[in-house]
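Participant: Could you look at this predicted model? Sequence included:
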Amino acid sequence: MPNFCAAPNCTKKSTQSDLAFFRFPRDPERCRKWVENCRREDLEDKTPDQLNKHYRLCDRHFESEMICRSSPYRTVLRDSAVPTIFDLTSHLNNPRSRHRKRIKELSEEELQKLKVRRIEEDAEQEKVNRAATENSTESTTQDSGQDQEEEVATLTQEEKEHKDYLKSLFEILIMMGKQNIPLNSHGSEAVDGVFTPDNFQALLEYRINAGDEVLRKKFEMAAVNTQYCSSVQQQEMLDVCEYYIREEILREVRDSRFFSIVTDEMVEIADEEYLPVFIRFVDEANNLREEFIGFLPYEYDTETMAVKLQNTITEKWNLSMEYCRGQAYACSTRVAYNMKTVASRLLEKYPQAVCTLCSSCALNIWLAKSIPVPGVTVVLETMEELFIFFRQSALLQSELDNVITVLFQSSEEKVAELKEVYRTRWSERHDAFEILVELLQAMVMYLDEVCNDISFRWSKAVTNQAFVLSQILTDFDFIVTVVVLKNTLSFTRAFGKNLQGQTSDVYFAAGSLTAVLHSLNEVIENVEVYHEFWFEEATDLATRLDIQVKLPGRYRRAQQGAVDSETTPECYYRAAVTVPTVTHIIQELKDIFSESYLKALKCLSLVPSVMGQLKFSTTEEENANMYKSDLPNPDTFSAELHCWRIKWKHRGKDVELPTTIYEAVHLPDIKFFPNVYALLKILCILPVIKVENQKYETGRQRLKAYLRNTPREQRSCSLALLNVNYDVKDDLDLMVDNYTKLCTEKTQFQQEIVHSSNSDLVEQT
């Protein structure tokens, strides 16, 4: 909201960037002079605080020597500044005008008193100046040591005030990050030549008006329509905030020694692409945690990306890759191959940084994201858009329920199951493609209803979105791709579900990989037979939706009309979709489930419940050799394992076997088995192991919420870190000290450059 000038006959407002606007002073005597010179009778009964908060004067009413322009974005008044330039007569030229700012008419007697008062004030000021000159002359004769002490005392007070001022700025920035308030919410709406305060300045103004004495003292004489802190200074302070919030997390990571790295889907921030990075570790309380620690700029060159990731972890975050015991990436199709190459480069240098699956991503979704078939990417994106579309309105869900009830009226159980499942995050489930095939007809029918609605119940945005989704779902290419994905990934569904299950499920899933690969190899060997059944299923579904079975338009256009008569839709989709999909999944499973990965999963037999299912005849020692150097006493590991088995084999009847690593590391006597304890903590941080306590895995959900609620142009890497880690404690004193140090070093560096340039110039001369 703009501030209008309080002077009579002045119509200036603070949105004019070529003018500076100043608050009325809080000092009662100075404020009285301002009001008196304004000749506004309606302002006389207001307190200095009210005037300071709500009334402004533009720089047109001050002599030029009263204004100090200390920098391009800071305009301040001198401490003794009083407005003296006013237009008190122009309203007389238009006597019918209803001027809001009534001018107080003074009588001859009042004018004479005003002149006398000003003469007395000028004489008093001259007397004060003379006394100050005399005092300064006397002070030069005093002891120099006393002068130095006073100077130090004054400097210390100035430093303290400056530190308090910086703490106020940091408090505002931290609050903006934690509450997800962007630095500038106007963006492209800002108009050139019109001053528009950003959110940071608006909050500064609010705190000043609320009584923050530190900020009031700093900015009381500053123009209200100029930028208090430049965007460069704001970003420098945010960098300090980001560093300390991250450092609080990394300090715990270093204390625990071992960690794993997890990267998530690529995101766009300020027109640049970044990878979110998470760190997994076990804290002092033996809790497995997965924390968001920042963004990594994405590079399409894999070698550059691998070097940048390693340098960021080791140099910027000061972690040793020698202690990295796991890595995982959950990326979309276009970057999955690159991240796979980056992971292999890191694995070459650090063999114990085992590349695994990520517990937060279903195996089937992870496999689908890596398939290099264009139609698969369309299916994945459409699934997410369908989930978002029906989630936006309870009425949309209610009417889709009605369509499902009609289509599946012969099975009440199926109706109830589908109604329940599509309200969940079904697009992230292991059986997501099966759910989509079952719901496809109902969704298409209802989307057509929304598109053809003539009662105007839905907004234009909803009907347009429904039309686009309907066009995608009724494309035969889409239907074939979904059916092929559903049938191919049915062989890995149970396997992937076990990998995200209990510890015993994960252990036994490792042994079933061979069977999964055998089934998929059988499919590829008999692909004509399998594809015939799958294509028939796709054709039946297309027939129910009245969709023509045909070759995709992009293929016909590429052939320029010369399509071979032997190229039927069935043959085309077998070669273009089925074979590449099955082949890729087989190779991807072989690549991700390396020998080291399988050995690590076999070590889960250390968990007592798995031991019990194996009748306590386990061989952890052989599989644990890869972690031998990480054990505190590797020479006694064999004997310790024997004692660990005996402890649980001959337990009491009322003693239950711990079923997870989390339960095992929280046993009261676990530290009597130091090698087992150390090995369990290392296994715990593998990205494939799910976080048992959900409160330690909130970083991913918070980041998704931040990205979902913040437009791309308003996102900030620093503010995102503050928002996601809002519960991490902050130390304002440390932030201020570090920021002051950085500013000092920056100033010294600039001075050195200037000095060096001058020296070179002298030499040349």
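Facilitator: Noted; the coordinates are in hand. Numbering: from 1, shown residues only.
Participant: pLDDT score for the residue nearest to Ser370 when sequence neighbours are not counted?
Facilitator: Distances taken as C-beta to C-beta, 6 or more residues apart in numbering place Ala336 nearest to Ser370, at 4.1 Å, with adjacent residues excluded. Every C-beta, even on glycine, is put in place using the N, C-alpha and C of the backbone. What the model reports as pLDDT for Ala336 is 81.
Participant: A helix includes Phe292, no?
Facilitator: No - counting by DSSP: H, G, I helix; E, B strand; the rest coil, Phe292 falls outside a helix, being strand.
Participant: Any idea what it is bridged to?
Facilitator: Counting by DSSP bridges, Phe292 is bridged to Phe278.
Participant: For it, give me its contacts.
Facilitator: Counting by C-beta atoms under 8 Å, 6 or more residues apart in numbering, Phe292 touches Pro276, Val277, Phe278, Gly699, Arg700, Arg702, Leu703, Leu721, Val724, Asn725.
Participant: Can you give me the neighbour number for the residue nearest to the last one when sequence neighbours are not counted?
Facilitator: The shortest distance from Asn725 to any residue other than its chain neighbours is 5.3 Å, reached at Ile245 (C-beta to C-beta, 6+ apart). Close neighbours of Ile245, defined as other C-beta atoms under 10 Å, add up to 24.
Participant: Please, which helix or strand holds Ile245?
Facilitator: Here Ile245 sits within helix 231-256, counting by DSSP states H and E.
Participant: again, but for Gln352
Facilitator: Using DSSP H and E, no element contains Gln352; it sits outside every helix and strand.
Participant: quick one, what contacts the residue lying closest to it once chain neighbours are set aside?
Facilitator: Counting by C-beta to C-beta, 6+ apart, Gln352 lies nearest to Arg325, which is 5.7 Å off, once chain neighbours are set aside. Taking C-beta under 8 Å, 6+ apart, we find Arg325 in contact with Phe258, Phe259, Ser260, Gln352, Ala353, Val354, Asp630, Ile682, Ile685, Leu686.
Participant: What mean pLDDT does the strand or helix carrying Arg325 get?
Facilitator: Element membership of Arg325, judged by DSSP H and E, is strand 324-329. Averaging pLDDT along strand 324-329 yields 93.
Participant: Quick one: distance of that strand to the chain centre.
Facilitator: The chain centre lies 21 Å from the centre of strand 324-329; the measure is C-alpha atoms, centre = their mean, to the nearest Å.
Participant: Tell me the strands beside it, with direction?
Facilitator: strand 259-263 (parallel), strand 354-355 (parallel).
Participant: who touches the shortest one?
Facilitator: By C-beta under 8 Å, 6+ apart, the residues outside strand 354-355 that reach it are 325-328, 343-344, 347, 592, 594, 596-597, 600, 686.
Participant: mind checking how far the closest residue to Tyr329 other than its chain neighbours is from Leu296?
Facilitator: Residue nearest to Tyr329 in three dimensions, not counting chain neighbours: Met339, with 4.1 Å by C-beta to C-beta, 6+ apart. Distance of Met339 to Leu296, given as C-beta to C-beta, to the nearest Å: 11 Å.
Participant: Looking at the two now, which is surrounded by more residues?
Facilitator: Met339 (25 against 20).
Participant: Surely that one and Cys331 touch.
Facilitator: Yes - with contact defined as C-beta atoms under 8 Å, Met339 reaches Cys331; the gap is 4.9 Å.
Participant: quick one: low-confidence ranges for the stretch 601-750 of the chain?
Facilitator: 618, 620, 746-750 (pLDDT under 70).
Participant: could you redo the last one with a cut-off of 50?
Facilitator: Counting by pLDDT under 50, the stretch 601-750 of the chain contains no low-confidence range.
Participant: The stretch 351-500 of the chain now?
Facilitator: Using pLDDT under 50, nothing in the stretch 351-500 of the chain is flagged.
Participant: Okay, helices next: where are they in it?
Facilitator: In the stretch 351-500 of the chain, helices defined by DSSP state H, counting those that start in this stretch lie at 363-370, 374-391, 394-407, 412-421, 432-451, 460-473, 476-488, 490-499, listed in chain order.
Participant: hang on, the earlier thing: show me what counts as buried in the helix holding Ile245.
Facilitator: 233-234, 237-238, 240-247, 249-250, 252-253, 256 (16 or more other C-beta atoms under 10 Å).
Participant: Stretch 283-298 now?
Facilitator: Asn286, Asn287, Leu288, Arg289, Glu290, Glu291, Phe292, Ile293, Gly294, Phe295, Leu296, Tyr298.
Participant: ranges for the helices of the stretch 151-300 of the chain?
Facilitator: Using DSSP H, counting those that start in this stretch, helices in the stretch 151-300 of the chain cover 199-209, 213-219, 231-256.
Participant: same for the longest one, what does it pack against?
Facilitator: Under the contact definition 3 or more C-beta pairs under 8 Å, 6 or more residues apart in numbering; DSSP states H and E, helix 231-256 sits against helix 144-178, strand 272-282, strand 288-297, helix 717-724, helix 732-764.
Participant: if we go to 10 Å?
Facilitator: Identification of packing neighbours for helix 231-256 by 3 or more C-beta pairs under 10 Å, 6 or more residues apart in numbering; DSSP states H and E yields helix 144-178, helix 199-209, strand 259-263, strand 272-282, strand 288-297, helix 717-724, helix 732-764.
Participant: of these, which approaches Phe495 most closely?
Facilitator: When the helices and strands packed on helix 231-256 are compared by C-beta to C-beta, strand 259-263 sits nearest Phe495, at 21.1 Å.
Participant: chain center to the closest one, what's the gap?
Facilitator: Worked out by C-alpha atoms, centre = their mean, strand 259-263 lies 17 Å from the chain centre.
Participant: Give the rounded mean pLDDT of it.
Facilitator: pLDDT averaged over strand 259-263 gives 94.
Participant: ok, back up a step: so can I have TSV of the strands paired with strand 324-329 showing distance to Tyr55 and mean neighbour count?
Facilitator: What follows is those, written out as TSV (distance: least, C-beta to C-beta, whole Å; neighbours: other C-beta atoms under 10 Å):
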stretch	distance to Tyr55	mean neighbour count
strand 259-263	54	24
strand 354-355	65	24
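Participant: now, which of the buried residues of stretch 283-298 sits nearest Asn464?
Facilitator: For these, the nearest to Asn464 is Tyr298 (31.2 Å; C-beta to C-beta).
Participant: who's in contact with the closest one?
Facilitator: Applying C-beta atoms under 10 Å, 6 or more residues apart in numbering to Tyr298 gives the contacts 263, 266-268, 272-275, 305, 308, 331, 335, 338-339.
Participant: measure it to Leu363 for me?
Facilitator: The span separating Tyr298 from Leu363 equals 24 Å under the rule C-beta to C-beta.
Participant: next one: Phe4
Facilitator: Phe4 is 64 Å from Leu363, by C-beta to C-beta.
Participant: Pull the number of nearby residues for the closest residue to Ile472 other than its chain neighbours.
Facilitator: Using C-beta to C-beta, 6+ apart and skipping residues adjacent in sequence, the residue nearest Ile472 is Thr382, 5.3 Å away. Neighbourhood size, Thr382 [other C-beta under 10 Å]: 20.
Participant: Pro8 touches Ser90, doesn't it?
Facilitator: Yes - with contact taken as C-beta atoms under 10 Å, Pro8 and Ser90 are classed as touching, separated by 8.9 Å.
Participant: Of those two, give the one with the bigger neighbour count.
Facilitator: Pro8 (20 against 12).
Participant: Need the three-state assignment for the more buried one.
Facilitator: Here Pro8 is coil, with the state taken from three-state DSSP.
Participant: ok, back up a step: identify the residues contacting the residue nearest to Ser370.
Facilitator: Tyr329, Ala330, Trp366, Leu367, Lys369, Ser370, Ile371, Pro372, Glu588.
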